[in-house]
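Provided below for reference: sequence and predicted model.
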Amino acid sequence: MKLKVIFIALIAIVSCKEEKESEKVVNNETEIAIKVIDSNSIDLEVYDFNGFEKFLNKNNNKTYVINFWATWCGPCVKELPYFEKLNEAYKNDDVEVILVSLDFPYLYESKLKPFIKEKKLASKVIALNDVDMNTWIPKVDVNWSGSIPATIIYKNDTRKFYEQSFTYEELTKELNQFLN
Amino acid sequence: MKKSIKLISFVYVLVLVSAFTVRDGGYKIGDVVEDFSLKNIDGKTVSLSDYKNSKGVIVVFTCNTCPYAVMYEDRIMDLNTKYATKGFPVVAIMPNNPEAKQGDSYEAMKERAKEKGFKFPYLMDEGQKIYPKFGATKTPHVFILQKKDGLHVVEYIGAIDNNYQDASAVTIKYVEEAVDAMLTGKEVFEKETKAIGCSIKV
């Protein structure tokens, strides 16, 4: 009897901890970047949320790993190499990493672009600049409180959201769930 | 005997489940906040229960080092200036582990508060025990508590306003609207808002 009760409790806890599927957002393939900055041979696509939303809703059997970060965010910078490694290691498995920078616009030239260049980031880097955060954060995921780093992994309609830092091992473990 | 085992398992399960609930989310709207006592930058201890005569408290988790928190420093000071006399003073709590973030050490907090001229407590969450109770996840992260029958009840969780980049371009001041509603006995319209912030460093 005791075991049974504990077992039921455990199931209840596990199901509570499970990630809720995030809201589906409108596909917006026609949106284009607001502006493209091009200096020092680094192109940076800058989007508002409407323009950015298409990156969360590609329906092409490819697995996307979308990481929200910023150059000023210590834990984000620490885990960037793992995302870079993942992008390289899984490119033959139809996986694409997209690094979404939330750096402040006035630092694009002085901080973000030199950072991309210096670290030789090979994954696609785009910038999201939209001050109306209370509107767009829940559209990324209803459970996102807004702290970064945060990551979404999705393939077609299956997606998982993570408001946490990753090690490379944790990242590959999560990604592999999408590749079977 | 069998009955008592059943009872013990039930209690055990309750404890287990409630422990998880607290750890997972922290306070929700409508929850009563437990008293806390933390060290202020002047060396004295500040407790929530010290605020006997206020109508509430604007608790702001913030720090020296997060760019978002820095962008909001002046606005946090303005909130205190505007609302402390009306019964809603600001209490700032620094939730980061200073060993993980040296710029948030006790000494650095003192310096920053002096530089800016903080007129409100700037408390160190020593041992990082208080922020998880609130369920704070980032800096800045605001919790407005309203006094109801002597208890501090959470009535608002979230952001300060809707434009971190430019205070003059703000169109909705979430915290001000919430406090104004409480002061006039109205229902808070937007009880929870979201904003990007720096994760709390552990």
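Thanks, I have the structure now.

just the strands in chain B please.
B:37-40, B:45-47, B:56-61, B:90-94, B:122-124, B:138-139, B:141-148, B:151-158, B:197-199 (DSSP state E).

in the helix or strand containing A:Lys113, what counts as buried?
According to DSSP states H and E, A:Lys113 maps onto helix A:113-118. Within helix A:113-118, the residues that qualify as buried are A:Lys113, A:Phe115, A:Ile116, counting by 16 or more other CB atoms under 10 Å in any protein chain shown. Glycine gets a C-beta too; all of them are placed from N, C-alpha and C.

in TSV: those, plus pLDDT and distance to chain B.
Formatted as TSV, the buried residues of helix A:113-118 follow (pLDDT from 0 to 100; distance: CB to the nearest CB, whole Å):
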residue	pLDDT	distance to chain B
A:Lys113	96	17
A:Phe115	96	14
A:Ile116	96	18
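
and which of those residues is nearest A:Ser165?
Using CB to CB, A:Phe115 is the member of these that lies nearest A:Ser165, at 18.4 Å.

ok, the next helix or strand after the helix holding A:Lys113: who's next to it in the sheet?
The helix or strand immediately downstream of helix A:113-118 is strand A:124-128, counting by DSSP H and E. On the basis of DSSP bridges, the sheet neighbours of strand A:124-128 come out as strand A:42-47 (parallel), strand A:95-101 (parallel).

can you add mean pLDDT and mean neighbour count and give those back as JSON lines?
Output for the strands paired with strand A:124-128, formatted as JSON lines (pLDDT from 0 to 100; neighbours: other CB atoms under 10 Å in any protein chain shown):
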{"stretch": "strand A:42-47", "mean pLDDT": "92", "mean neighbour count": "18"}
{"stretch": "strand A:95-101", "mean pLDDT": "98", "mean neighbour count": "22"}
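
quick one: these as CSV, columns for distance to B:Ser37 too.
Shown next, in CSV, are the strands paired with strand A:124-128 (distance: least, CB to CB, whole Å):
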stretch, distance to B:Ser37
strand A:42-47, 46
strand A:95-101, 40
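
out of those, which gets nearest to A:Asn61?
Using CB to CB, the nearest of the strands paired with strand A:124-128 to A:Asn61 is strand A:95-101, at 11.2 Å.

what pairs with B:Tyr156 across the strands?
Under DSSP bridges, the beta-bridge partners of B:Tyr156 are B:Ile144.

what's the spacing between it and B:Lys119?
Separation of B:Tyr156 from B:Lys119 (CB to CB, to the nearest Å): 21 Å.

now B:Leu151, nearest residue through space, not along the chain?
Using CB to CB, 6 or more residues apart in numbering or on different chains and skipping residues adjacent in sequence, the residue nearest B:Leu151 is B:Val32, 4.8 Å away.
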